[in-house]
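>>> here is a sequence with its predicted model. Questions after.
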Amino acid sequence: MISNTLATGIQGIQDGMYGMENAARKIARAGIDGPQGSADSGNSLIEPIVDLKLYERSVQASAQVVKTADETLGTLLDIMI
């Protein structure tokens, strides 16, 4: 059960990091591909910036899952020994 929780947490971290990379790539490209100084250039940044923040929170939550599972496993080992 703990190993499944750890695996889920690690998978969440990996997925979040992948999403953050994609969002950061979109933000970087907006400065290169988008028309500078136009009203549309600011709008093209909104979604990837929001995505970046959402993926950041996802990684933080998944890291907390891993931390809690690790602490639980440590407690169980301490009890058994």
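Looks like it came in fine. Since this is a predicted model, take the numbers as computed values, not measurements.
>>> hey, where'd the helices end up in the chain?
2-33, 39-80 (DSSP state H).
>>> quick one: the residue most central in space within the chain and Ser3, what's the gap?
Nearest to the mean C-alpha position of the chain, counting by CA atoms, centre = their mean, stands Gly16 at 2.8 Å. Noted for Gly16: a distance of 20 Å to Ser3, by CB to CB, to the nearest Å. C-beta coordinates here come from the backbone N, C-alpha and C atoms, glycine included.
>>> Leu77 too?
13 Å.
>>> got it, and Glu56?
26 Å.
>>> who's the closest spatial neighbour of Met20, skipping the chain neighbours?
Excluding the flanking residues, the one nearest Met20 by CB to CB, 6 or more residues apart in numbering is Tyr55, at 4.4 Å.
>>> check which helices and strands the helix or strand of the chain with the lowest mean pLDDT sits against.
Ranking every helix and strand in the chain by mean pLDDT, DSSP states H and E puts helix 39-80 at the bottom, with a mean of 89. Here helix 39-80 touches helix 2-33, going by 3 or more CB pairs under 8 Å, 6 or more residues apart in numbering; DSSP states H and E.
>>> still on that earlier bit, same drill for Glu56 and Ser3, tell me which one is more crowded.
The residue with more neighbours, out of Glu56 and Ser3, is Glu56; 15 against 9, by other CB atoms under 10 Å.
>>> so what's the more buried one up against?
Gly16, Met20 (CB atoms under 8 Å, 6 or more residues apart in numbering).
>>> can you check the pLDDT for the residue lying closest to Thr72 once chain neighbours are set aside?
Nearest residue to Thr72 in three dimensions, chain neighbours excluded: Ile2, at 6.2 Å (CB to CB, 6+ apart). Model confidence at Ile2, given as pLDDT, is 80.
>>> what number of residues are in the vicinity of Ile2?
A total of 12 residues lie near Ile2 under the criterion other CB under 10 Å.
>>> please report how far it lies from Asn22.
For Ile2, the distance to Asn22 equals 31 Å [CB to CB].
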